[in-house]
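Peer 1: Here is my input, please return the structure:
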Amino acid sequence: MKIRFGYVANALGLWDASPSKALTFARYSALPKSERMEKLKSITAQNLYHTKRILYYNLAHEIELYRLSSSLVPLATHPEVMWDFISPFKQEWEELGQLIKNFNFRVSFHPNQFTLFTSPREEVTINAVKDMEYHFRMLEAMDAIGSALINIHIGGAYGDKETSLNRFHQNIKTLPLEIKKVMTLENDDKTYDVLETLVTCEKENIPMILDYHHFMANKGEVDLPLYLQRIFDTWNSFHLSPKVHISSPKSEEAYRSHADYVDLDFVLPFLKMAKELNQDFDIMIEAKQKNLAMHKLVEDIASLRGVKRISGSSVDW
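Peer 2: Take a look at the predicted model:
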């Protein structure tokens, strides 16, 4: 069983390498009109350049799994801005895409919690589609559609889960099919548990990402070993390995918050459970210390009996 590990957005230790430098609408509005577009382009150029630096870091450390920042382009979906962020950076997008393709990076996006399809308010669904289109356009610009996915949560329950889930199935029809084909859903830590998410994914033919920390915070009536194979099976019609999110609680009091690093004792029961399936899969580390937490967890797992480290970010068990 081969497991590859990756991390989210920022490679800590690289100097001034954040790919998520921002520009608020208030700051944008305060600029003279003649300077606004140049400011948008300047920040986007920095974010794309830093993403390139991070991809080279990943190459040097044999890290094939990486989540791109959703904040690469400031104000990309703001209704009063909505600017062309592709044309001025055609070369930069293509360069990132070449790196992804040449070195077989598996990249993804994870839009924020407001990108959901369960709301009774039409404008929320419209904005969710716009946000998914923004992420899809970036993947298109990098020619990374075949190797990348956009992951979201189902959304809120609004006091009635059954009605909200039915609304999800209706609202998701407003999403262009080409975008739906590259989306995934994950279980969350408060509302939709593993089984509810799994059933939704099976109904819509969408791959499911298991978030183990979320499961531990929101188990419902689910006995995870009974469902793990079904979760992995949602990936059968896709050419990518199943993907899992891993983190551990900051504390008992702040159980849902991510710790700086990943506690091996917390995640070991899941790893042993997955070992029974003997199926290759990928793990995205969602810890505050980003790549540093990923490196440490790989070392910790590689020290277990029967586990062999086979690259900078992967093991065979």
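
Peer 1: just checking, what packs against the helix or strand harbouring F215?
Peer 2: Using DSSP states H and E, F215 maps to helix 212-217. With contacts taken as 3 or more CB pairs under 8 Å, 6 or more residues apart in numbering; DSSP states H and E, helix 212-217 sits against strand 243-246, helix 264-275. Glycine gets a C-beta too; all of them are placed from N, C-alpha and C.

Peer 1: Looking at that helix now, give me its mean pLDDT.
Peer 2: If you average the pLDDT over helix 212-217, you get 98.

Peer 1: same deal with stretch 41-48?
Peer 2: 98.

Peer 1: Identify all contacting residues around that stretch.
Peer 2: Outside stretch 41-48, the residues that touch it by CB atoms under 8 Å, 6 or more residues apart in numbering are 18-23, 69, 71-74, 85, 88-89, 92-93, 96.

Peer 1: mind listing what's buried in it?
Peer 2: I43, T44, Q46, N47, L48 (16 or more other CB atoms under 10 Å).

Peer 1: Repeat that for stretch 239-253.
Peer 2: L240, S241, P242, K243, V244, H245, I246, S247, S248, P249.

Peer 1: so how far is it off the chain centroid?
Peer 2: From the chain centre to the centre of stretch 239-253 is a distance of 11 Å (CA atoms, centre = their mean, to the nearest Å).

Peer 1: Make 2 the first number, not 1, from now on.
Peer 2: Renumbered: residue one is now 2, and that last one reads stretch 240-254.

Peer 1: Just after the helix ranked longest in the chain, pick out the following helix or strand.
Peer 2: Identified as the longest helix of the chain according to DSSP state H is helix 34-61. Of the helices and strands lying after helix 34-61 in sequence (DSSP H and E), the nearest is strand 66-68.

Peer 1: What is the following helix or strand past that next one packed up against?
Peer 2: Per DSSP H and E, the first helix or strand lying C-terminal to strand 66-68 is helix 91-103. Under the contact criterion of 3+ CB pairs under 8 Å, 6+ apart, helix 91-103 touches helix 34-61, helix 123-142.

Peer 1: List the contacts of the helix or strand just after helix 91-103.
Peer 2: Next helix or strand after helix 91-103 toward the C-terminus (DSSP H and E): strand 107-110. With CB under 8 Å, 6+ apart as the contact definition, strand 107-110 has outside contacts at 5, 7, 65-69, 71, 101, 136, 139-140, 145, 148-152, 241, 244, 283, 285.

Peer 1: Can you list the strands that strand 107-110 pairs with?
Peer 2: In the sheet, strand 107-110 lines up against strand 66-68 (parallel), strand 149-154 (parallel) (DSSP bridges).

Peer 1: Enumerate every residue touching S72.
Peer 2: Here S72 is in contact with P20, S21, K22, A23, N48 (CB under 8 Å, 6+ apart).

Peer 1: mind redoing it with 6 Å?
Peer 2: S21 (CB atoms under 6 Å, 6 or more residues apart in numbering).

Peer 1: Can you report phi and psi for the residue nearest in space to the middle of the chain?
Peer 2: The chain has H111 as the residue nearest its centroid, 3.7 Å off, counting by CA atoms, centre = their mean. Per-residue torsions, H111: phi -140, psi 90 (degrees, to the nearest 10).
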